[in-house]
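Asker: The sequence isn't on hand, but the structure is:
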């Protein structure tokens, strides 16, 4: 329900000569202090028109309101404060949620149009580390949010399985690798080789050149290079799948960089045909001076292609196969220039659909304030963090609720959920330091706190033997339930806001607020007291449970019924 709409319509009736509906609607505010009303209309913009002090204008407007739509309309300084009728609104909001259940907040805005989302994208022959968490969970959540808005998201795990680093890995394996060791523990051994390569290369520059030569062999189809590369890739994908299963995340495509190896010549030819490719010191570039960007390097002097060449090929593939209305790239903030170049080259080629390509950047996860680096060997393995989170939650369950059913399943849902939730409650552009002990707490603004609030709702409903009945009276008029009702009513707006901003933290912060307001209500009211308001109170509990569960689902977090 759009609670602002009626206020804007009523004000328009009075102010039609000075402000239109849209202007009034956009001026309406929610007071920080709820004792000042549910909505507030600032009248300062009318001071020059009416040649009166704002407080006098507010007083005059208040006298013109004699509506059944409000509990009261009160002038305070330069504001007109509106108090809605709690019983009427609570009845309407609860009725909608009881009818729509988990579909509450669904939209058909997207009209099932395609939105490919590029996310996760780990490199083969390296473990999935904490550094991959943000792209993976932010992208997955955006996918869920877009689906709720009626779009058709296509989750693409653009695996990093091509590039000079694989030439370096082949060199490292041939120099120092042991086949039996790699077969026994592939990812660990390959990472050790990769780190060792860079340590040695610091004093032996020739090693870097050998790495470039072996990647060129790989591009040219050298049998030994391709065989080693395929082996590294297969072992890596097995490793990745185990981690994704733990996170509960799946993908629609694993087309990585290598998929576009035979699709780049077409891009280069298109650039040549349009006279956009310029020779520069033996390399081929596209001049982007008019975009205030450095030249886009398309092909090196040795003929090897680059990330940008492959991303151009992938952009064409995605528009041709998904006919996208938007294409999202959930990739770290440090790649901002790369995506500006990608869009600029496409624009130079005359493709206006490049305007619908959006880089969705994010900050870093740090440890002790330091960036994590695979090259330097500073790796925090994501699987180890997830296992530790689950183990810690399992210990807390044994201590606080040892008779809980399905303890292992709940520990998994809460532990994994805690890690995901902590990431997503942070604005994606912000970097944050990771501290597992804080993340798994059941108090504070954490995933376990929100999950526990919903399990409390389910416990109350179970004690009451509650069954869904939309014919019971649903009106509530107390201040604490009113705060919960207004927050529930705001859920569809928050889903839309999150989709516009590509910002899962909007949902995470919303569900924290909902949990906090419900717990305040729970602490002050005897929900199970047998009186005429009990059915409405239980309906409020049910609605809260529904919206918390759906909010968590949009974040990729499960919500156990019992904890």
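Answerer: Received, thanks. The structure presented is a predicted model; accordingly, all values stated were derived computationally and were not measured.
Asker: Strands of the stretch 251-400 of the chain, start to end?
Answerer: Taking DSSP state E, counting those that start in this stretch as the test, the strands found in the stretch 251-400 of the chain are 277-280, 283-286, 296-299, 327-330, 357-360, 365-367, 370-371.
Asker: who's in contact with residue 254?
Answerer: Residue 254 sits next to 157, 159, 237 when contact means Cβ atoms under 8 Å, 6 or more residues apart in numbering. Every residue, glycine included, has its C-beta placed from N, CA and C.
Asker: how near is the residue lying closest to the first one once chain neighbours are set aside to residue 434?
Answerer: On the basis of Cβ to Cβ, 6 or more residues apart in numbering, the spatially nearest residue to residue 157 that is not a chain neighbour turns out to be residue 251, at 4.4 Å. Applying Cβ to Cβ, to the nearest Å, the value for residue 251 to residue 434 is 24 Å.
Asker: higher neighbour count, these two?
Answerer: The neighbour comparison of residue 251 against residue 434 (other Cβ atoms under 10 Å) goes to residue 251, with 22 against 18.
Asker: pretty sure the more buried one is touching residue 156, no?
Answerer: Yes: assessed by Cβ atoms under 8 Å, residue 251 is found in contact with residue 156 at 6.9 Å.
Asker: burial of residue 477, as a residue count?
Answerer: 14.
Asker: between the strands of the stretch 251-400 of the chain, which gets nearest to residue 40?
Answerer: strand 357-360 (33.8 Å; Cβ to Cβ).
Asker: Direction included, what does the closest one pair against?
Answerer: Each strand paired with strand 357-360, and its direction, by DSSP bridges: strand 327-330 (parallel).
Asker: What average pLDDT does the strand it pairs with get?
Answerer: Averaged across strand 327-330, the pLDDT comes to 98.
Asker: Renumber starting at 19 from here on
Answerer: Noted, 19 is the first residue going forward, which turns the last one into strand 345-348.
Asker: Tell me how far it lies from the chain's centre.
Answerer: Mean-position distance between strand 345-348 and its chain equals 11 Å (Cα atoms, centre = their mean, to the nearest Å).
Asker: repeat for stretch 425-445
Answerer: For stretch 425-445, the distance to the chain centre is 15 Å (Cα atoms, centre = their mean).
Asker: cool, stretch 481-491 as well?
Answerer: The chain centre lies 35 Å from the centre of stretch 481-491; the measure is Cα atoms, centre = their mean.
Asker: Quickly note the distance from residue 156 to residue 521.
Answerer: Separation of residue 156 from residue 521 (Cβ to Cβ) stands at 9 Å.
Asker: Next, show the common contact partners of the two.
Answerer: Joint contacts of residue 156 and residue 521 (Cβ under 8 Å, 6+ apart) are residue 446.
Asker: Who has more neighbours out of the two?
Answerer: Neighbours per residue (other Cβ under 10 Å) separate residue 156 from residue 521, with residue 156 holding more: 28 against 21.
Asker: quick one: pLDDT of that one?
Answerer: For residue 156, the pLDDT comes out at 98.
Asker: which ones are touching it?
Answerer: Counting by Cβ under 8 Å, 6+ apart, residue 156 makes contact with 137, 348, 378, 380, 441-442, 446, 522.
Asker: Could you do residue 375 as well?
Answerer: 333, 344-345, 347, 357, 360-361, 364.
Asker: so residue 118 touches residue 125, yeah?
Answerer: No: taking contacts as Cβ under 8 Å, residue 118 lies outside contact range of residue 125: 11.8 Å.
Asker: Ok, which of the strands of the stretch 269-418 of the chain comes nearest residue 570?
Answerer: strand 345-348 (19.8 Å).
Asker: For the closest one, buried residues please.
Answerer: 345-348 (16 or more other Cβ atoms under 10 Å).
Asker: sorry, back to before: of the contacts of residue 272, the lowest pLDDT goes to which?
Answerer: Lowest pLDDT among the contacts of residue 272: residue 255, with 88.
Asker: Can you give me the distance of it to residue 179?
Answerer: 9 Å.
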